[in-house]
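A.B. asks: sequence and computational prediction follow.
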Amino acid sequence: GAHLSSLLLLQKSLEQAREEQMRDVEAGHGGSAVAPTASATTAASRGDAAVPLAGSEPSQASAGWSVRDVRGYVGVSGPYDLKLLEERLVERRLGAGLLHFICPSGDLDGYSPTSLLLSTEWQGVGAGAPKLLPPL
């Protein structure tokens, strides 16, 4: 769905922004490198390959493409915040067990684009990752 493809674009732009920061730091152009957070590396440590998370090994996540290769993006579906969806389902007495079942280890935050955007890791790269995204 669109939430997974948007998560992939966000994670890829974050990874590329961190790589650019590291190159700048190594070249002596200032700035500071941002290390991946524990939540960002959760899926990578589980070996989930469907959506390479920020913090996964560059050889896995890069796979020969760049966010700049994407001309544009239209995401027409959701949900983009699985924790919020869980709350809504519980409020409506529909149950949210399926969400925990379909997300490996029940990690709703790890598979929510909204959570990635609110993370300290995303905030730590400043404008670096957003500037890499295609037109949305």
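C.D. replies: Looks like it came in fine.
A.B. asks: gap between the longest helix anywhere in the chain and the chain center?
C.D. replies: In the chain, assigned by DSSP state H, the helix with the most residues is helix 2-26. The chain centroid and the centroid of helix 2-26 are separated by 8 Å, computed with C-alpha atoms, centre = their mean, to the nearest Å.
A.B. asks: kindly report the same for stretch 106-126.
C.D. replies: 6 Å.
A.B. asks: so where do the helices sit in the protein?
C.D. replies: 2-26, 38-46, 58-62, 82-91, 97-102, 113-118, 120-124.
A.B. asks: ranking those helices by mean pLDDT, which is last?
C.D. replies: Confidence, taken as mean pLDDT, is least for helix 38-46 of those (a mean of 39).
A.B. asks: picking that back up, the longest helix of the chain: which residues count as buried?
C.D. replies: By 16 or more other C-beta atoms under 10 Å, the buried positions in helix 2-26 come out as 3, 5-18, 20-21. (Each C-beta comes from the backbone N, C-alpha and C, glycine too.)
A.B. asks: same check on stretch 124-133?
C.D. replies: Per 16+ other C-beta under 10 Å, stretch 124-133 contains these buried residues: Gly124, Val125, Gly128, Ala129, Leu132, Leu133.
A.B. asks: contacts only, for Gln16.
C.D. replies: Residues near Gln16 by C-beta atoms under 8 Å, 6 or more residues apart in numbering: Ser66, Val67, Ala129, Leu132.
A.B. asks: look up the pLDDT of the third one for me, please.
C.D. replies: Ala129 is assigned a predicted lDDT (pLDDT) of 85.
A.B. asks: check Gly28 too.
C.D. replies: Taking Gly28 on its own, its pLDDT is 80.
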